[in-house]
Structure formats: C-alpha cells, structure tokens
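[1] Need a 3D model of the following:
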Amino acid sequence: MEIPGYTISRELGRGGMATVYLGVQESFGRKVAIKVLDAKVAQDQEFAERFLREARIVAGLSHPHIVPVYDVGLQNEHYYMTMDYLSGGVLPQWIKAGLEKAEVIQICREIASALQFAHDNGYIHRDIKPDNIMFRGDNSAVLTDFGVARAQKASEGLTQAGTIIGTPTYMSPEQISGEDIDSRADLYSLGVVLYEMLMKVPPYQTDDFLAMALKHVQDPIPEFPWQHAEFQDILNRLMAKDAEDRFQSGRELIKALKQLEHPADPPPVPTPEQSVRHNESVVTETVTEAKTVAKSKTEAKPDNITAQAQSPDAKAPAAVKRKEGLFFNEKTVKKLGMFKSYILECEITSPDSHHFSILFSRLTTKLVDWHDERDKKSKGIELNLYIPPWTFQKAKDAIQKLYQSGGTYAFLQSVAIEVVLTEFDGQKSEHFSPSKG
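    Have a look, this model is predicted:
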C-alpha cells in the first residue's frame, strides 16, 4: 500500500478492523504509526464514521499520555490515520515480562492522568485494557485507541441506548449491563488492568459473555495475596460495584497512588515514660552534636582515603555500585572517507532474574528500532550484562533464542554481536557470541 507523503517500512500489528504500519512522514522525516482501516470495514458507514471520530477526538486531546494524531485521510478506498510511533511496546508484553511495584504505580498514575484529561474534556474512553496502553522509548505510558470513545453527554447517535461497547473482561458492571455510564466506568476498567499488571491474569475469567457479566456484577472484588496487599484498598475503590463507592476521578486515584508510593503514617503517641526518656535523649544528643561541631571547627579532618590508608585495620573501599537499568550508546565507525557505519553499545544492569527479563524485553524493541533507522549501516552490537552469576545461562539462552528467531530479528545474523556477562559485583566476566546452529 502507498500513501502520498509517507514511506511504509513494515507491518507493526493487525486487528479485526485495521492494520498498523511503521512509516516515515517524509515532510518531517519522523517515524509514525499508520493505522489503515480494512477496505471491507470501511464500506460500513458506521465503522468509517467511528474511525474519523477517533481522529477528531484525539486531535483535540493534547496530553503527554494520550497518543497524538498527526493526519487522517482516504487513499484508494482505505481510510488511514497517522500517529506518534510508540517504540516501547504494549502493556501485555510488559505484563508477561513482569512489573515492579514502582512500574505499576507509574503506569496507573500516567493513565489516570490521561483519563482525567479526557474526562475533563467531556470524553469517556470505554475500552481501557492492556492492549490500548503503549509506551514511548522513555518508558512513559500512553493511552491509545479512542475508537469507541464518546462524549459524556452524548448527542451524536452512534451508540444507541442499551448497546454494549467495549471489551467484556474489562467492563464495569454498569457498562456490561448496557446501562448509562460516566467517567467512573473507565476507572473500574483501570482497576481490572491494575489487577492484571500484578497478577498477570484478569480478575474474572470466562469465555461466556453472560457469565462474565454476572462476575462483574455479582462476584466479590478479588483479594491480592500478601505480596501485593498494599494495593488492595486502591483496587477496592477502583472496582467497587457501585460507581458511587469508587474513586470519583483520576485525580483522586493519583493522590492515593502517591500515598502508596510515599506513605506518611504519623508516629505512635508515646507514653509519659517514653516522653521523659525521649526528652532526655534529645538533650544528650544536642549536647553531643554541639561538641562535635565545635571540634570540627578546630581540627582538620584527614580525607577518607588517607584515613583508611593510615589505619592498620582499614578495609578495602567498597565496590562502586552500578546504576541499575537499561542503557544505550552509539559509536560511529568511519570507513572510506564519508561512509559511516554504526555500533550500538547496550548495557543491562540488574540484580535479579525477574528484573533482567523486564529489561531484556525492552532491549529487543530498541534493537529493532535501531536497525530500522540505520539499516545497512548497522555494523555491530556490543551487549554488556551486569547480572548475578546464576542468571548467566538464562541470559545466554534468551540471546541465542532471539538470534535464531528470524522474522523481525533476522538482521541480528547480519551484524557482529559481542556479549560480555559480568557478575553484578564486577568480580568475574564471561564472553559469549550467539551462533546460527
């Protein structure tokens, strides 16, 4: 397929009604995602109108956590929409890899912020689910697919009263029952997503629509195991059966998430005896501190390194603590005058196997994006892993499997790959290169 003004490079995904491609907007030289409505679907006036409404709605919602739309049009009987290309993957991938507490809080907070903005501007999303939450390269979450969104005070007659729109697994009781809904239905759906982010499965599971509806309406809110118990109060207020018992806005949810992230419980009230001991302690500590300050003004202190060297019992300095995470750097290799090729340096620093899996999943997306940009100028990949020694084999297996997987990753066999695995404390290293066999 060809669209004037765009160069299409590859397919990103395909659904029942549309296909999404990776392309370049030639006028700006920027990567975009191009959503193309299936020609047969486009013949249905209602679906075509929904597609155009989505573009109009999102175009009016300028927010850092809502995907921006750049263009919409019709080419050879295909409606298309161009949007920001989100290179960080989609939430189901992150859920499969496993999410840390801080990541779950961040994703909920950013999507709640997007929903608050959409609600303030009069729109209900109506289809909050993992498939509609994607990520930028900086790992910020972005809400996508406003295809079934509608105005809170709808007068645009695309959805008749009693019509059920959305994905049943994530619908609120009132939505799955075909009743009138408001913005709090989106918050219920976000609660279902919260549960899935922590447990890797939705709270209610069945293939039967009626059974799913009964679960949302009647079944109790599931309880987290002790590992995630701190999220229970938030889940209860998101998935309350009665909308009046839920958070009333994304703003309220964000406030609760901040309290979860930075709890500020007041200290217990001391007994009279504890108060006396505390006051005596404060006086003693104040006098001691004053003496220490006075002494520091009259005596020059040796620096730490000198002091350690002079002490017969001095211990060796502690190993430098590496910053955990995923890091990239690109090196330029010049050959034959102006011709350049590139080497991508990648580093994963992770203290455990679970965290490594999350970072490795993001690395694979970055490798594809880098090769798409550099193409034949991609010369090599240098991968440095700082991980516990018992995860060495898991890392090598993951790299080997990716190398042999072909398809999107077939380019890996055309570039030089060097892998160095180093124990997290820096004590031991091991070199590894994937093979075609």
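[2] For the rest of this, base every contact and every neighbour count on C-alpha atoms.
    Fine.
[3] and whichever helix or strand D372 is part of, which residues are buried?
    Using DSSP states H and E, the element containing D372 is helix 353-374. Applying a neighbour-count criterion of 16 or more other C-alpha atoms under 10 Å, one finds 355-363, 366-369, 371 buried in helix 353-374.
[4] Can you pull out the residues in contact with it?
    For helix 353-374, the external contacting residues (C-alpha atoms under 8 Å, 6 or more residues apart in numbering) are 87-89, 93-94, 97-100, 137, 325-326, 342, 348-350, 378, 387-388, 391, 408-409, 411.
[5] ok, now stretch 248-263?
    For stretch 248-263, the external contacting residues (C-alpha under 8 Å, 6+ apart) are 102, 105, 108-109, 112-113, 115-116, 183-184, 187, 230-231, 234, 247.
[6] model confidence over it, on average?
    For stretch 248-263, mean pLDDT rounds to 91.
[7] ditto for stretch 227-243
    On average, stretch 227-243 scores 95.
[8] Next: stretch 139-150.
    On average, stretch 139-150 scores 90.
[9] How about stretch 203-217?
    Averaged over stretch 203-217, pLDDT sits at 93.
[10] Can you give me the buried ones in it?
    Buried residues in stretch 203-217, defined by neighbour count with 16+ other C-alpha under 10 Å: P203, Y204, M212, A213, K215, H216, V217.
[11] again, but for stretch 89-103
    Applying a neighbour-count criterion of 16+ other C-alpha under 10 Å, one finds G89, V90, L91, P92, Q93, W94, I95, A97, G98, L99 buried in stretch 89-103.
[12] can you confirm K379 is in a strand?
    Yes: counting by DSSP: H, G, I helix; E, B strand; the rest coil, K379 is part of a strand.
[13] what's it in contact with, if anything?
    Contact analysis of K379 by C-alpha under 8 Å, 6+ apart lists S341, Y342, I343, V415, A416.
[14] So which of the residues you listed sit within strands?
    Counting by DSSP state E, the contacts of K379 place S341, Y342, I343, A416 in strands.
[15] The second one: what's it in contact with?
    Right, Y342. Listed by C-alpha under 8 Å, 6+ apart, the contact set of Y342 reads E330, K331, T332, V333, R374, K377, S378, K379, G380.
[16] Okay, it and I133: tell me how far apart.
    32 Å (C-alpha to C-alpha, to the nearest Å).
[17] coming back round to it: can you give me how far the helix holding D372 is from the chain middle?
    Relative to the centre of its chain, helix 353-374 is centred 13 Å away, using C-alpha atoms, centre = their mean, to the nearest Å.
[18] Repeat that for stretch 405-415.
    25 Å.
[19] Could you export that stretch as CSV, CA atoms only?
    Written as CSV, here are the backbone C-alpha positions of stretch 405-415 (Å, rounded to 0.1, in the frame of the first residue of the first chain):
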residue,chain,number,x,y,z
SER,A,405,14.1,-16.4,15.8
GLY,A,406,14.3,-14.8,12.4
GLY,A,407,11.5,-12.6,11.2
THR,A,408,11.8,-9.2,12.7
TYR,A,409,15.1,-10.1,14.3
ALA,A,410,16.6,-11.8,11.2
PHE,A,411,19.0,-8.8,10.9
LEU,A,412,20.8,-9.9,14.0
GLN,A,413,22.6,-12.6,11.9
SER,A,414,24.0,-9.9,9.6
VAL,A,415,25.8,-7.9,12.3
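[20] what's the model's confidence in that stretch, averaged?
    For stretch 405-415, the mean per-residue pLDDT is 86.
[21] again with stretch 80-97
    Mean per-residue pLDDT for stretch 80-97: 92.
[22] okay, how far is it across that stretch, tip to tip?
    End-to-end distance for stretch 80-97: 32 Å, by C-alpha to C-alpha.
[23] So what touches that stretch?
    Identification of contacts with stretch 80-97 by C-alpha under 8 Å, 6+ apart yields 22, 31-37, 55, 67-74, 130-139, 196-198, 200, 354, 357-358, 361-362, 365-366, 369.
[24] got it, and stretch 428-437?
    When contacts are defined by C-alpha under 8 Å, 6+ apart, stretch 428-437 is touched by residues 396, 399-400, 403-404, 413, 417-423.
[25] Neighbour-wise, which one of those leads?
    L421 (24 neighbours; other C-alpha atoms under 10 Å).
[26] how about it, phi and psi?
    Dihedral pair for L421: phi -100, psi 120, per degrees, to the nearest 10.
[27] okay, it: pLDDT?
    In this model, L421 is scored at 90, pLDDT.
[28] gap between it and K394?
    Separation of L421 from K394 (C-alpha to C-alpha): 11 Å.
[29] what's the answer for L238, then?
    Shown here: L238 relative to K394, a distance of 38 Å by C-alpha to C-alpha.
[30] Which of those two has more residues huddled nearby?
    Set L238 next to K394 and count neighbours by other C-alpha under 10 Å: L238 wins out with 27 against 14.
[31] mind listing what that one touches?
    Counting by C-alpha under 8 Å, 6+ apart, L238 touches L187, Y188, S189, L190, G191, R246, F247.
[32] Filter those residues down to the buried ones.
    L187, Y188, S189, L190, G191, R246, F247.
[33] now, which of the residues you listed lie within strands?
    Short answer: the buried ones among the contacts of L238 have none in strands (DSSP E).
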